[in-house]
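K.L.:
Predicted model and sequence below, questions to follow.
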Amino acid sequence: MKTYDTMTREELKGELAQLKKEYSRYQSMEMSLDMSRGKPCKEQLDLSMGLMDALNSDADMYCEDGTDCRNYGVLGGIEEAKVLLSDMMENNPDNILIFGNSSLNVMYDSISRSMTHGVMGNTPWCKLDKVKWLCPVPGYDRHFGITEYFGIEMINVPMSETGPDMDMVERLVAEDEAIKGIWCVPKYSNPQGYSYSDETVRRFARLKPAAKDFRIYWDNAYGIHHLYDHDQDYLIEILAECKRAGNPDLVYKFASTSKVTFPGSGIAALATSSNNLEDIRNQLKHQTIGYDKVNQLRHVRFFKDIHGMVEHMRKHADIIRPKFEMVEDIFEKNLGGLGIGSWTKPRGGYFISFETMDGCAKAVVDKCKKAGVKLTSAGATFPYGKDPHDSNIRIAPTYPPIEDLRTAAQLFTLCVKLVSAEKLLREMQEGTAVKAESTVKSEDASKQS
Ligand code: PMP
């Protein structure tokens, strides 16, 4: 098969005419599909309906230590929930706080607390001239939204299959005291589905930041979200590695059961060193008397233990794996060998990351929208919504029913072809124009000499 950039102008024009015909066929279908967010589909949510039966009016509402879950108290979460979530996060229950329904909320509060009250006795960030943050890109738009909201200057750090560019991370944190944190999604990253290599994790644990209050925001949102039984990614556990490296307070690790049970109605947790826990508790005790223990108990009774959770995640995988594989097949069939796009093939998580040719992502998302398929806005995967190459698109295959997803993926590949062919033709036109102009100029020059 010929790559688009080796086609002649006539060949490209012919291709474009064909693609336009096909595109109008999709437009006439009047679709209305939303693939913009990484949400579980209905069948996935149905897996957790047992949560609704885990507690009823006859239920024993007491914890093993005698705590009545219906009443106030227990700031850091009930012991059973700490055990369950610490198994999920591969940490010690003593290093865990259980929060409310959202880990993003915990990340927001952590930055907010650092702004107003500082980290472990250091100057509150709001009193500093400048606060900066490292942002591996492409990344999670809601992370970038939090740091932008607090007026923190975000610095792009390129991602690769092994994680962020660690040479850059090490250099920047060592030389600039204004850098106070970094967003990390270390496993099945959002949007690429990459998992950090052992070397990357080891280098993170050995960072030597100029700022004493620098923290790694280790968002392990997809820690147990494998797509395959055998082909799973494993990470060195960051808290243990930081301790080993003599940097025990360097990291805040976040997780939640959002994409395990019900997003927005799960439980969130933070794992960190005892020094950090004490610092956080000192603020937390003014914020709440305690989070929702009934929901914590419900989750514990539903799963029983980590084995119940792992089994449950297998059922999720069985539902969404065919969706990922179908999208990847359609991409390969329709775009393979054309040289106009590349995409990731994750073994877990919620997303596929697509790279168009430079300058095409916005136009592709726009064309999909005009034919009734809403994707995550182009640029959203970068701080300030600015993708310097306008090339990254986040694909979220989990939510739509599989037949809708098939149509959407077909339309997507068609739009990639259309926009790429238009771009290449435009460039040919401009190239010819530039060539013609320089010929005229050189003819003029020769006349004058
Ligand atoms: N972190 C990442 C990397 C995510 O992708 C998501 C959900 N899209 C969240 C956090 C949100 O988690 P929660 O529901 O616990 O706030």
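P.N.:
Done, it's in. None of these values were measured; they are calculated from a predicted model. Numbers count the residues shown, from 1 in each chain.
K.L.:
Would you mind pulling up the elements that the host helix or strand of C368 packs against?
P.N.:
Following DSSP states H and E, one finds C368 within helix 361-370. The contact analysis (3 or more Cβ pairs under 8 Å, 6 or more residues apart in numbering; DSSP states H and E) places helix 361-370 against strand 373-375, strand 392-395, helix 402-448. (C-beta placed from N, C-alpha, C; glycine too.)
K.L.:
Recalculate using a threshold of 6 Å.
P.N.:
Applying 3 or more Cβ pairs under 6 Å, 6 or more residues apart in numbering; DSSP states H and E, one finds that helix 361-370 makes contact with helix 402-448.
K.L.:
For the helix it packs on, give the mean pLDDT please.
P.N.:
Over the span of helix 402-448, the pLDDT mean works out to 81.
K.L.:
Over to stretch 308-327?
P.N.:
98.
K.L.:
Report the buried residues of that stretch.
P.N.:
309, 312-313, 316-317, 319-321, 323-324, 326-327 (16 or more other Cβ atoms under 10 Å).
K.L.:
Got the phi and psi for I78?
P.N.:
When read as degrees, to the nearest 10, the backbone of I78 gives phi -70, psi 150.
K.L.:
wait, what's in contact with it?
P.N.:
63, 293, 296 (Cβ atoms under 6 Å, 6 or more residues apart in numbering).
K.L.:
Could you do T413 as well?
P.N.:
So T413 contacts 334-335 (Cβ under 6 Å, 6+ apart).
K.L.:
Output the buried residues of stretch 308-327 as JSON lines; include the columns distance to Y399 and secondary structure.
P.N.:
Compiled in JSON lines, these are given as follows (distance: Cβ to Cβ, whole Å; DSSP: H, G, I helix; E, B strand; the rest coil):
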{"residue": "M309", "distance to Y399": "22", "secondary structure": "helix"}
{"residue": "H312", "distance to Y399": "19", "secondary structure": "helix"}
{"residue": "M313", "distance to Y399": "18", "secondary structure": "helix"}
{"residue": "H316", "distance to Y399": "13", "secondary structure": "helix"}
{"residue": "A317", "distance to Y399": "16", "secondary structure": "helix"}
{"residue": "I319", "distance to Y399": "11", "secondary structure": "helix"}
{"residue": "I320", "distance to Y399": "9", "secondary structure": "helix"}
{"residue": "R321", "distance to Y399": "15", "secondary structure": "helix"}
{"residue": "K323", "distance to Y399": "9", "secondary structure": "helix"}
{"residue": "F324", "distance to Y399": "12", "secondary structure": "helix"}
{"residue": "M326", "distance to Y399": "14", "secondary structure": "helix"}
{"residue": "V327", "distance to Y399": "12", "secondary structure": "helix"}
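K.L.:
What residues sit buried inside the helix holding C368?
P.N.:
361-365, 367-368.
K.L.:
go on, stretch 62-75?
P.N.:
63, 67, 69, 74.
K.L.:
again with stretch 105-113
P.N.:
106-113.
K.L.:
Helix or strand: which one has E355?
P.N.:
Counting by DSSP H and E, E355 is found in strand 352-356.
K.L.:
Walk me through which strands that strand pairs with, and which way each runs.
P.N.:
strand 341-343 (antiparallel), strand 392-395 (antiparallel) (DSSP bridges).
K.L.:
before we move on, the earlier item: among the contacts of I78, which are in helices?
P.N.:
Here DSSP state H is the test, and those give 293, 296 as lying in helices.
K.L.:
and N122, how many residues sit next to it?
P.N.:
Neighbour count of N122, defined by other Cβ atoms under 10 Å: 16.
K.L.:
what about the closest residue in space to it that isn't next to it in sequence, distance to the ligand?
P.N.:
Distances taken as Cβ to Cβ, 6 or more residues apart in numbering put D213 closest to N122, at 4.0 Å, once the chain neighbours are dropped. Separation of D213 from the ligand (Cβ to the nearest ligand atom, to the nearest Å): 22 Å.
K.L.:
tally of neighbours for D213?
P.N.:
By other Cβ under 10 Å, neighbour count at D213 equals 20.
K.L.:
so when I look at it, I'm seeing a helix, right?
P.N.:
No - read with DSSP: H, G, I helix; E, B strand; the rest coil, D213 is coil and lies in no helix.
K.L.:
Leaving out the residues flanking it, which one is nearest to the residue of the stretch 301-449 of the chain found nearest the ligand?
P.N.:
For the stretch 301-449 of the chain and the ligand, the shortest gap (Cβ to the nearest ligand atom) falls at Y350, measuring 6.4 Å. Distances taken as Cβ to Cβ, 6+ apart put G38 closest to Y350, at 3.8 Å, once the chain neighbours are dropped.
K.L.:
The one you found sits in which helix or strand?
P.N.:
Short version, using DSSP H and E: G38 is in no helix or strand.
K.L.:
Count residues in the vicinity of it, would you?
P.N.:
22.
K.L.:
Enumerate every residue touching it.
P.N.:
So G38 contacts 350-351, 396 (Cβ under 6 Å, 6+ apart).
K.L.:
out of the residues you listed, which are buried?
P.N.:
Here, 16+ other Cβ under 10 Å leaves 350-351, 396 buried among these.
K.L.:
so which of those residues comes closest to G264?
P.N.:
Closest approach to G264 among the buried ones among the contacts of G38 (Cβ to Cβ): Y350, at 15.1 Å.
K.L.:
doesn't the closest one fall inside a strand?
P.N.:
No - under three-state DSSP, Y350 sits outside any strand and is assigned coil.
K.L.:
State the distance from it to H226.
P.N.:
Look at Y350 and H226: by Cβ to Cβ, to the nearest Å, they are 12 Å apart.
K.L.:
The strand ranked longest in the chain close to the ligand?
P.N.:
Counting by DSSP state E, the longest strand found in the chain is strand 153-160. No - judged by Cβ under 6 Å from any ligand atom, strand 153-160 makes no contact with the ligand; its nearest approach is 13.2 Å.
K.L.:
Tell me what angle that strand forms with strand 352-356.
P.N.:
90 degrees (axes from the mean of the first three to the mean of the last three Cα atoms, to 10 degrees).
K.L.:
picking that back up, nearest to D167, of the buried residues of stretch 308-327?
P.N.:
F324 (31.8 Å).
K.L.:
Please identify which helix or strand holds the residue nearest to the closest one when sequence neighbours are not counted.
P.N.:
Excluding its sequence neighbours, the residue lying closest to F324 (Cβ to Cβ, 6+ apart) is P397, at 5.5 Å. Assessed by DSSP H and E, P397 sits outside every helix and strand.
K.L.:
Show the contacting residues for P397.
P.N.:
323-324, 327, 405.
K.L.:
8 Å - rerun?
P.N.:
35, 320, 323-324, 326-327, 351-352, 405, 409 (Cβ atoms under 8 Å, 6 or more residues apart in numbering).
K.L.:
can you check L270 too?
P.N.:
Contact partners of L270, counting by Cβ under 8 Å, 6+ apart, are 96-97, 99, 103, 106, 110, 252-254, 280.
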